[in-house]
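Undergrad: Output the structure for:
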Amino acid sequence: MRKEKPVELEKLNELREMLELRKRELQTITIHSEHNLRELLAPDQDEEAQLDTNHPADMVVGDPDYDKGIALIRRERAELALISSALARMDQGTYGQCEECGQEIPLARLEAIPYTKYCIGCKEDKDAAAQLGQNMGAEGSNPHDVGNLGV
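TA: Numbers count the residues shown, from 1 in each chain. Predicted coordinates:
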């Protein structure tokens, strides 16, 4: 297996800008998603009153729009966490290095998924293991996971 060339500084700066832009976009989207969800739950209350009375643990609603809204917010927050983690790896100097095997992640993969933590081989192994675990009803799987953001 040949080792990939480390990410050059110029490309690293481009990827950082891309991640920071996406982070700001997601923060704005998440605020709007949460506002829309509060509106769905209590359209007649003003926002301050909603914040006082609508704790997420108290909101058990069978409305499909509510369920979709919750799923969307979870996915947005998961992506935000991955982006924050990638930015931290950039600051630590470990960005572009697979967290599983330690090999350099190919630049093409970083350009496609700039917050990825794994090289393609390790990601495929993790996906295969997760699929096997799901098929066998493995303990430890999280029923609240939304999408496959374990990039």
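Undergrad: which parts of the helix ranked longest in the chain are buried?
TA: Longest helix in the chain, counting residues (DSSP state H): helix 9-41. Going by neighbour count (16 or more other Cβ atoms under 10 Å), the buried part of helix 9-41 is 12, 15-16, 19, 22-23, 26, 30, 33, 37-38, 41. Every residue, glycine included, has its C-beta placed from N, CA and C.
Undergrad: lowest-confidence helix or strand of this structure?
TA: helix 47-53 (a mean of 55; mean pLDDT, DSSP states H and E).
Undergrad: Could you point out the helix or strand that follows it?
TA: Scanning forward in sequence from helix 47-53 by DSSP states H and E, the next helix or strand is helix 64-92.
Undergrad: Which elements pack onto whichever helix or strand comes after that following helix?
TA: Where DSSP H and E defines the elements, the next helix or strand beyond helix 64-92 is helix 107-112. Of the remaining helices and strands, those touching helix 107-112 by 3 or more Cβ pairs under 8 Å, 6 or more residues apart in numbering; DSSP states H and E are helix 9-41.
Undergrad: tilt between the helix it packs on and helix 64-92?
TA: Inter-element angle recorded for helix 9-41 and helix 64-92: 160 degrees (by axes from the mean of the first three to the mean of the last three Cα atoms, to 10 degrees).
Undergrad: can you give me how far the longest helix of the chain is from the chain middle?
TA: In this view, helix 9-41 has its centroid 11 Å away from the chain centroid, taken as Cα atoms, centre = their mean, to the nearest Å.
Undergrad: Also stretch 82-101?
TA: Centroid separation for stretch 82-101 versus its chain: 14 Å, with Cα atoms, centre = their mean.
Undergrad: where does the chain have low pLDDT?
TA: By pLDDT under 70, the weakly predicted segments of the chain are 1-7, 43-63, 137-151.
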